[in-house]
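Asks: Turn this into a model:
(one chain, ligands or ions: 2)
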Amino acid sequence: MTTTAITAPRTAATFQDDPNWWRQASVYQIYPRSFSDSNGDGIGDLNGITAKVPYLTELGVDAVWLSPFYPSALADGGYDVDDYRNVDPKLGTLEDFDAMAGALHAAGIKLIVDIVPNHSSDRHEWFREALAAPKGSAARDRYIFRDGLGENGELPPSDWNSVFGGPVWERITEPDGTPGQWYMHIFAKEQPDLNWDNQEVRDDFLTTLRFWSDRGVDGFRIDVAHALTKNLEGTLPSQADLDARGEALFLAGEHPYWDRNEVHGIYAEWRKVFNEYNPPRTAVAEAWVHVDRRARYASPEGLGQAFNFDLLQADFDAAQFRRTVTKNLAEAEASGASSTWVFSNHDVVRHATRYGLPATGSSAEGEIMAGQAGKRWLLEGGRQEDVNIELGLRRARAASLLMFALPGSAYLYQGEELGLQEVGVEIPDSERQDPSFFRNRGVEIGRDGCRVPLPWNTGGSSFGFGPGGSHLPQPEWFAGASVEAQEQRADSTLSLYRRALSLRWELQSAETLEWLETGREDVLAFRRPNGWTSVTNFGTEPFALPAGRLLVASSAVDGGELPGAATAWLQA
Ligand code: GLC
Ligand code: CA
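Replies: Numbers count the residues shown, from 1 in each chain. Ligands and ions are numbered 1, 2, ... in the order given. The predicted structure follows:
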């Protein structure tokens, strides 16, 4: 393929040493226990990832982000960490980790790992010490313990709700067998929140960051980066009080535990550690905060980049997409970061399914739209026959191709390159794993449907995931969606992703974008430097493409006409 010269061509060599490699990287999220199982125990593992490095190379991603692989009871899919500086024996060993990192690096692929600093697991040695130690001890001070209210401390310190349903406080039994203090857990009760006012906690995470950086990790994804610091002084406000104060509370940074201003002091310390390395280690914040407060997390003195979930939350709608892209590019520029784009991850209903559900109507900015549609579908039974699968997939392909043309980093989630649909009804309640299902019965089905092990082959044991079955049931329709099935078809989603990612690698240069006039409200077009042009038809009427050489399209372009729910790239 030939293109006109681009201003800053990337080569494998410059990419490896470039301190800015992350700014426009395509990052592939691996959920380790569901990616590839090397030893047949039904759980994906690190050796399984190593074995698939050629697949990742061929896909053309620049980096891999690994969800937690640390020792864990899997009360929350690994986001309950027993030991931050080790590998879960179910997934491998530190030597396997080194081999995997080595294989990725040899292939020119960077490695990002997940850091979970807000909470440990309740099996972490610190938490066990805290339970064995008396009230007021140094061991308890690493977590957030409080006396209960009521005559005998039998009531929780506040009536706050946890994210997965149920209260944020859990009562313990004191070492002498009496009912005792309460500890805070924003998520599941197996995930006690750490006390970030405690110096030992702070220092220990710096040790962890150095531990993985020394092992060659290139960057970190910071889990719930906005929850670490808390203000639990005095009488705690009620949940109703917090709800009533709504947005103003968040904008002021005065919520007792979400997005408090002091949290950035922690990341300033982390930045110093990142900068001890060459190239500096990178970080991306998972921070579900008010849009106006996101830039703080992305500052170069802090984590450097923050996820924006705005496109993920938007409907498949030209106006929403345009507004979201414009706003985030401006915001990223103002903070010195590059923008981030994401449609799917391990926490949300896959976008091929969300886009196949009845429209949710136009949104006020920041409202969860398509995301809600997916949750609703799960609650209503999660039946494939209620999804317009063909439309969902067309739109997902169009949206992803648009994303790959945007300035900034594109984060993709394992399986989206196969156009995978969410697995719904095929997972019986008895096999569900996600704590949000158990803690929030009837309100949430949970996130297992996007965490089903990948189908690599059209048949065989667990569709090639591994030689011994799969820890979540895979539906029959995985056969047709498998890598093997798609590799043979030029029009498959896998082929589209491969082509798009390789073109993106070649074409990506300055982080600028210019919107083009299309004369249609439902058609968005923009140009990147050197004539790289992306056109998306969000409507149903075909759109006559402007002049230029067609590079790739998410659906067949006939006679220069871009059909509905499709994106095309042109070299103009
Ligand atoms: C983040 C993770 C999610 C996890 C939660 C608690 O939101 O993405 O999977 O359940 O944090 O760690
Ligand atoms: Ca395994």
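
Asks: and whatever residue of the stretch 251-400 of the chain ends up closest to ligand 2, which of the three is it?
Replies: As assessed by C-beta to the ion, ligand 2 sits closest to His346 within the stretch 251-400 of the chain, at 18.0 Å. (Glycine included, C-beta is placed from N, CA and C.) Assigned with DSSP: H, G, I helix; E, B strand; the rest coil, His346 falls in the coil class.

Asks: That one contacts Arg447, correct?
Replies: Yes. Counting by C-beta atoms under 8 Å, Arg447 is a contact partner of His346 at 6.5 Å.

Asks: any residues in contact with both of these two?
Replies: Taking C-beta atoms under 8 Å, 6 or more residues apart in numbering as the contact rule, His346 and Arg447 both touch Gly77.

Asks: For those two, work out which one has more neighbours and name it.
Replies: Each of His346 and Arg447 has its neighbours counted (other C-beta atoms under 10 Å); Arg447 has more, 23 against 18.

Asks: quick check: domain ranges of the chain?
Replies: 12-117+199-230+263-499, 125-184, 513-571 (automatic domain parsing).

Asks: Quick one: end-to-end length of the second one, please.
Replies: Between the start and the finish of domain 125-184 there is a gap of 17 Å, counting by C-alpha to C-alpha, to the nearest Å.

Asks: and it with ligand 1, contact?
Replies: No. Using C-beta under 6 Å from any ligand atom, domain 125-184 never reaches ligand 1; the gap is at least 7.2 Å.

Asks: Shouldn't Ala399 be within a strand?
Replies: No. Remark: Ala399 does not belong to a strand; assigned using three-state DSSP, it is helix.

Asks: what's the nearest residue to it if we skip its chain neighbours?
Replies: Of all residues beyond its chain neighbours, the one nearest Ala399 is Phe343 (6.0 Å), with distances taken as C-beta to C-beta, 6 or more residues apart in numbering.

Asks: right, and the one you found touches Gly415 too?
Replies: No. Counting by C-beta under 8 Å, Gly415 is not a contact partner of Phe343; they are 11.9 Å apart.

Asks: Quick check: Gly180 vs Phe250, distance?
Replies: 33 Å (C-beta to C-beta, to the nearest Å).

Asks: try Asp241
Replies: 14 Å.

Asks: Same question for Lys189.
Replies: Distance of Lys189 to Phe250, computed by C-beta to C-beta: 25 Å.

Asks: try Leu524
Replies: 30 Å.

Asks: Which one's more surrounded, the two?
Replies: Leu524 (21 against 18).

Asks: how about that one, what does it touch?
Replies: Ala318, Phe321, Arg322, Leu402, Trp515, Thr518, Val535, Thr536, Phe538.

Asks: Which members of those occur in helices, if any?
Replies: Ala318, Phe321, Arg322, Leu402 (DSSP state H).

Asks: thought the second one was touching Leu312?
Replies: In other words, Phe321. No. The pair Phe321 / Leu312 is not scored as a contact, 11.5 Å apart, by C-beta under 8 Å.

Asks: Comparing these two, which shows the higher neighbour count?
Replies: Using other C-beta under 10 Å as the criterion, Phe321 and Leu312 rank with Leu312 on top: 23 against 20.
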